[in-house]
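Novice: I'll drop the sequence and a predicted model, then ask my questions.
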Amino acid sequence: DVKVTQSSRYLVKRTGEKVFLECVQDMDHENMFWYRQDPGLGLRLIYFSYDVKMKEKGDIPEGYSVSREKKERFSLILESASTNQTSMYLCASSLTYGGYEQYFGPGTRLTVT
Amino acid sequence: AQKITQTQPGMFVQEKEAVTLDCTYDTSDPSYGLFWYKQPSSGEMIFLIYQGSYDQQNATEGRYSLNFQKARKSANLVISASQLGDSAMYFCAMRGSGGGADGLTFGKGTHLIIQP
């Protein structure tokens, strides 16, 4: 069974802090993704990675960066958190071939005060 | 650019009735895929069904079927014999020609409530 885990379910940070959100998958998937979910907006793609040390910008990368040093781990970094980054953050992973389904983690609800 | 439109922000349906959730899409990719995900109040995203743009037949998975009309660019989800446990947010999403390496573009979702 595919499992995608995220380091925290709930996180509260102050404006200006550097924030790390961690995601780990255990199914040897090549691709990993970070989305944010806001009411009335659905999910929007922040960044994704198709291989170790590779990254691609999604639709809303501003204010975020990512790191993928190992295949199973994909980190989202908020360099200087702002209140408009208060959101639910969802990590996902997928294979490149043989099935296109993305498997999602449970999400991290981040509040920036 | 890809776009997904879900025009029903919320729906109330009587238990045991069939439900159709609307989804239209726009893309310039000749090859693409369409997904439906369910998100209960607990928050996890649950994959329901997938349709590839070149698939000849409509996808089905148990009580879920995808009514794919390529010329109309629509990919509606049909849930037969609805159950109370079907109450959730439902998201339509698409990927482009990059296959599994593509990020998904999501619609804004439909909040489905099944009434006893």
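Specialist: Now that the structure is in, tell me what you want to look at.
Novice: rest of the way, CA atoms for contacts and neighbours
Specialist: OK.
Novice: Which residue, other than its chain neighbours, is closest to B:Thr7?
Specialist: For B:Thr7, ignoring the flanking residues on the chain, the nearest one in space by CA to CA, 6 or more residues apart in numbering or on different chains is B:Asp22 at 6.7 Å.
Novice: Go ahead and flag the most central residue of the chain.
Specialist: Went with chain A since none was named. Nearest residue to the geometric centre of chain A (CA atoms, centre = their mean): A:Trp34, 2.9 Å.
Novice: could you do chain B instead?
Specialist: In chain B, the C-alpha closest to the average C-alpha coordinate belongs to B:Trp36, at a distance of 3.3 Å (CA atoms, centre = their mean).
Novice: Which of the helices or strands spans that one?
Specialist: Under the assignment given by DSSP states H and E, the secondary-structure element containing B:Trp36 is strand B:33-39.
Novice: got the contact list for that strand?
Specialist: Identification of contacts with strand B:33-39 by CA atoms under 8 Å, 6 or more residues apart in numbering or on different chains yields B:45-53, B:75, B:77, B:88-96, B:99.
Novice: Partner strands of that strand, with direction?
Specialist: Based on DSSP bridges, the strands next to strand B:33-39 in the sheet, each with its direction, are strand B:46-52 (antiparallel), strand B:88-95 (antiparallel).
Novice: who touches B:His111 in this structure?
Specialist: B:His111 makes contact with B:8-11, B:87-90, according to CA under 8 Å, 6+ apart.
Novice: Please disregard the earlier target; I meant A:Glu69.
Specialist: The neighbours of A:Glu69, taking CA under 8 Å, 6+ apart as the test, are A:52-53.
Novice: Quick check: it is in a strand.
Specialist: Yes. Looking at A:Glu69 with DSSP: H, G, I helix; E, B strand; the rest coil, it is inside a strand.
Novice: low-confidence ranges in the chain?
Specialist: Picking chain A for this. Across chain A, residues meeting the criterion (pLDDT under 70) sit at A:1-2, A:98-99.
Novice: looking at chain B here, not the other one
Specialist: Segments of chain B classed as low confidence (criterion: pLDDT under 70) are B:99-100.
Novice: What is the burial count for A:Gln8?
Specialist: Not Gln; residue A:8 is Ser. A:Ser8 has 14 neighbouring residues, counting by other CA atoms under 10 Å in any protein chain shown.
Novice: Show me what from chain A comes close to chain B.
Specialist: Taking CA under 8 Å from any CA of the partner chain as the measure of proximity, chain A contacts chain B at A:30-31, A:33, A:40-45, A:48-50, A:58, A:94-97, A:99-107.
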